[in-house]
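Student: Dropping the sequence and predicted coords here.
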Amino acid sequence: MTYIASDTEAMLEGDDNERAFVETKRQHPLSGFWRTPKSRVGLIIFAAFVLLAIVGPMVAPFNPNALTDDLLQPPSLKHIFGTTLTGQDVFSQFLVGARSVMVVGLIAGTVATLLGVIVGINAALFPGFADEFLSALANVFLVIPALPLIILIAGFIPNGGGWITVSLVISVTGWAWGSRVIRAQTLSLRNRDFVQAARATGKSTSSLIVFEIFPNLVPIIAGGFVGTVNFAILSMVSLSFIGIGSSSDWNWGTILFWAQGQQALSQGAWWWFVPPGLAIAILGMGLTLITLGIDEFVNPKLRAGGLDLKALKRAKVRSRVGYTAVLPEKGRS
Amino acid sequence: MKYIARRIIFYLITAWAAITINFLLPRLLPGDPVQALLLRFKGQISEQATQSLYVLFGLDKSQSLWSQYISYWVQLFRGDLGLSFTFFPTPVSQVIGQSLPWTLVLVGVSTVIGFALGTAAGVIAGWRRGGWTERLIPVTSFFSSIPYFWLALLLISIFAVNLHWFSDAGGYDILTDPGWNLDFILSAAYHGILPALTIVISSFAGWMLGMRNMMVTVTSEDYVVVAHAKGLSERTVNFAYAARNAILPSVSGFALSLGFIVGGTLLTEMVFSYPGIGYTMFQAVQAKDYPLMQGMFLVITFAVLFANLVADMVYVFLDPRTRSEV
């Protein structure tokens, strides 16, 4: 028995390989997604940060604003991430700040994805002027550099606004990519056989969208959402780092703003600026891994990359261009 | 050339959109921040300069929105972007003129290096997929998620503060004389290494991942199999057949990445106090210098549009399909 690694779960691609379909047990479509190590690691990281955002502000040992006499202390048992120049506890700032980072990321991601879905699907379904206009609008927003625009808008709002305002500003600049991908996918789905067949049975356009097209857009939308959350978190932290917005409203960008402003670098206070940046990078890595997992889920060709390295080595197969490794199946139901 | 013409029209529309956003923002958002600033500088600003700021920010309520829009355009065509409040009383256009070359060189050099290295690494990773390069993907996605400004902080902390290899701030040694002399150019290059390194490291991973995925997709195409069947060497198949086609999305996706890289560069400059657009924008934000912020936004957008046009021309060169179109 052999299986070609890239074809096992080709469910989304209209499935031209029915044999593989019969041989593997029928599984929940998402189990393939979970079995990819990339998406699994990504989801675990993401869940950990969601937990941090929920629990963090409750378990913070100190008031993040409280000034103490422990000035610029390196990490210790009392102050796990050390203290700032004014004796504030960095660990507490970190825990309290987690929530606004995640909230802004998720709100902005949701709003931007909704905008992208609405614009993308409509552009694909109404060819002609509507499509031209909506696509041009999306492209304009894609090309205009996002961060300067966000800085400009946020700069005009008194005090940079609260969480909600910042999230909305970010989503206004971040919806375009999702809408472009969704439009392309909807266009390609519209002419697939199963949609044509459904149309031939006399289904209305709205039920075609809801029951035939939309379910097949879900992975793309999910991928866009994760990518936008990543973009939103980076933008939000950048804004706070520049000093736009309220500087007493803790998030990881604010910590870095104070660290940079109060010369943490020249005083060698690495504990002050390393944890927040590291957290952003790990969270970003988790989100990127989820996106890569979704990509592999949608495009089975990419999945061959996830071949078991040890199995390849055992079989003495050296992978190269234009060559899909075929391995004996072992221990797989 | 129809393709290029269409792109140019699109960029003109985008430029119009950016200018219109710039025009509408101060008029739509609540508060009158500029009025407050004008009052603070009352008596120091000449009559004519005040008038130009009135036009830029729509403080003259007696005019209709439409006539404000027209006078805004007229003023823009004269190159008048108002006065900067931070560098009072220098005109915004002059402040931008001083800082723009720094940013252009920094972004230009480091983007080209990052693109070349990342794409080459992506070709190798896609070519030998399943090999050890596969393990690099989590690592590269980690690096691509690092905020630019944080990486800049780390590099300063390691190479400037601890090792004293590089300087931690500024764009050149103030003892040298800015201009076309060797001392100054060497000093500027020396100061530029760390900021450039920041941008190269941060942008590398994105190019690599994109190229790797395209390589994997392209290598299962029929023409690659045929090339193999013809007995061509692996190297020829890889570079002349697979990579040649896989690079197209990287070039056409340049627009997106560039916007992101430019954003990152602005932040990097702020951390390094590098005398470019980013650092000046930082000062403008701190001082709530609205005319300068708006001018910066326009210039950055125009520069990105121009770079995109160049990328389009490269694309036409790489992809004959765009040329065959009548």
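Tutor: In hand now; what should we look at? These figures come from a predicted structure and were not determined experimentally. Residues are numbered from 1 along each chain as shown, chains lettered A, B, ... in the order given.

Student: Count the neighbours of the nearest residue to residue B:259 once chain neighbours are set aside for me.
Tutor: Leaving aside its chain neighbours, residue B:259 sits nearest to residue A:145 (4.0 Å; criterion: CB to CB, 6 or more residues apart in numbering or on different chains). C-betas here are computed from N, CA, C, even on glycine. If you count neighbours by other CB atoms under 10 Å in any protein chain shown, residue A:145 ends up with 25.

Student: now do residue B:158
Tutor: 14.

Student: could you give me the average pLDDT of stretch B:237-245?
Tutor: Mean per-residue pLDDT for stretch B:237-245: 85.

Student: give me the residue from the stretch 1-150 of chain B nearest chain A.
Tutor: residue B:145 (2.5 Å; CB to the nearest CB).

Student: How about that residue, nearest residue that isn't a chain neighbour?
Tutor: Leaving aside its sequence neighbours, residue B:145 sits nearest to residue A:284 (CB to CB, 6+ apart; 2.5 Å).

Student: who touches the one you found in this structure?
Tutor: A:230, A:233-234, B:141-142, B:144-146 (CB atoms under 8 Å, 6 or more residues apart in numbering or on different chains).

Student: Okay, and it sits in which element?
Tutor: helix A:270-298 (DSSP states H and E).

Student: Quick one: mean pLDDT for that helix?
Tutor: Rounded mean pLDDT across helix A:270-298 is 86.

Student: ok, and for it, which residues are buried?
Tutor: Buried residues in helix A:270-298, counted by 16 or more other CB atoms under 10 Å in any protein chain shown: A:270-277, A:279-298.

Student: Show the backbone phi and psi for residue A:269.
Tutor: Dihedral pair for residue A:269: phi -80, psi 70, per degrees, to the nearest 10.

Student: Might one say that it is in contact with residue A:75?
Tutor: No. Contact criterion CB atoms under 8 Å: residue A:269 and residue A:75 do not qualify, at 10.5 Å.

Student: close enough to count as contact, residue A:102 and residue A:50?
Tutor: Yes. With contacts counted by CB under 8 Å, residue A:102 reaches residue A:50, the gap being 6.4 Å.

Student: Same drill for the two, tell me which one is more crowded.
Tutor: residue A:102 (22 against 13).

Student: any idea how far the more buried one lies from residue B:242?
Tutor: Computed as CB to CB, to the nearest Å, the residue A:102 to residue B:242 distance reads 40 Å.

Student: swap in residue A:142?
Tutor: Distance from residue A:142 to residue B:242, by CB to CB: 27 Å.

Student: Name the residue in those two with the higher neighbour count.
Tutor: Set side by side, residue A:142 and residue B:242 show more neighbours around residue B:242, with 27 against 19, by other CB under 10 Å.

Student: which residues of the stretch 1-150 of chain A score low on pLDDT?
Tutor: Residue ranges of the stretch 1-150 of chain A with pLDDT under 70: A:1-32.

Student: Which element, helix or strand, includes the residue of it found nearest chain B?
Tutor: Nearest residue of the stretch 1-150 of chain A to chain B (CB to the nearest CB) works out as residue A:147 at 3.1 Å. Under the criterion of DSSP H and E, residue A:147 resides in helix A:146-156.

Student: After that helix, which helix or strand is next?
Tutor: On the C-terminal side of helix A:146-156, the nearest following helix or strand under DSSP H and E is helix A:163-174.

Student: so does that following helix get close to chain B?
Tutor: No. Using CB under 8 Å from any CB of the partner chain, helix A:163-174 never reaches chain B; the gap is at least 9.8 Å.

Student: who touches that helix?
Tutor: Here helix A:163-174 makes contact (CB under 8 Å, 6+ apart) with A:100, A:103-104, A:107-109, A:111-112, A:115, A:141, A:144, A:146, A:149-150, A:153-154, A:157, A:160-161, A:228, A:231-232, A:235-236, A:239, A:245, A:249.

Student: Now, these that are in helices?
Tutor: Counting by DSSP state H, the contacts of helix A:163-174 place A:100, A:103-104, A:107-109, A:111-112, A:115, A:141, A:146, A:149-150, A:153-154, A:228, A:231-232, A:235-236, A:239 in helices.

Student: Let's see the PyMOL selection covering just the buried ones among those.
Tutor: In PyMOL, this line selects whichever of the ones in helices among the contacts of helix A:163-174 come out buried by 16+ other CB under 10 Å:
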select buried, chain A and resi 100+103+104+107+108+109+111+112+115+141+146+149+150+153+154+228+231+232+235+236+239
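
Student: Residue B:10 versus residue B:312, what's the distance?
Tutor: Distance of residue B:312 to residue B:10, computed by CB to CB: 10 Å.

Student: So for those two, which sits in the more crowded spot?
Tutor: residue B:312 (22 against 18).

Student: quick check, whichever strand or helix holds that one touching chain A?
Tutor: Element membership of residue B:312, judged by DSSP H and E, is helix B:290-318. Yes. Helix B:290-318 comes into contact with chain A (CB under 8 Å from any CB), by way of B:290, B:293-294, B:296-297, B:300-301, B:304-305, B:308.

Student: Pick out the residue nearest the middle of the chain.
Tutor: I'll assume chain A. Relative to the mean C-alpha position of chain A, the nearest C-alpha, by CA atoms, centre = their mean, is the one of residue A:226, at 2.4 Å.

Student: Hmm, no, I was thinking of chain B.
Tutor: So for chain B, CA atoms, centre = their mean, it's residue B:262, sitting 2.7 Å from the centre.

Student: Shouldn't that one be within a helix?
Tutor: Yes. Assessed with DSSP: H, G, I helix; E, B strand; the rest coil, residue B:262 lies in a helix.

Student: angle of the strand or helix carrying residue B:24 against helix B:290-318?
Tutor: For residue B:24, the enclosing helix or strand under DSSP H and E is helix B:2-28. Here the directions of helix B:2-28 and helix B:290-318 differ by 170 degrees (axes from the mean of the first three to the mean of the last three CA atoms, to 10 degrees).

Student: ok, and does helix B:2-28 reach over to chain A?
Tutor: Yes. Helix B:2-28 is in contact with chain A by CB under 8 Å from any CB, via B:10-11, B:13-14, B:17-18, B:21-22, B:25-26.

Student: What are the phi and psi values at residue A:83?
Tutor: The phi/psi pair for residue A:83 (degrees, to the nearest 10) is phi -130, psi 170.

Student: show me what contacts it?
Tutor: Counted by CB under 8 Å, 6+ apart, residue A:83 has contacts A:68, A:70-73, A:89-90.

Student: Going through those residues, which ones are buried?
Tutor: A:68, A:72-73, A:89-90.

Student: all strands for the stretch 51-200 of chain B, in order.
Tutor: Read by DSSP state E, counting those that start in this stretch, the stretch 51-200 of chain B holds no strands at all.

Student: Below-threshold pLDDT in it: ranges please.
Tutor: Those would be B:58-62, B:129-134, B:168-180, if you go by pLDDT under 70 across the stretch 51-200 of chain B.

Student: show me where pLDDT drops low in the stretch 151-300 of chain A?
Tutor: The low-confidence ranges in the stretch 151-300 of chain A, as defined by pLDDT under 70, are A:159-161, A:245-248, A:300.
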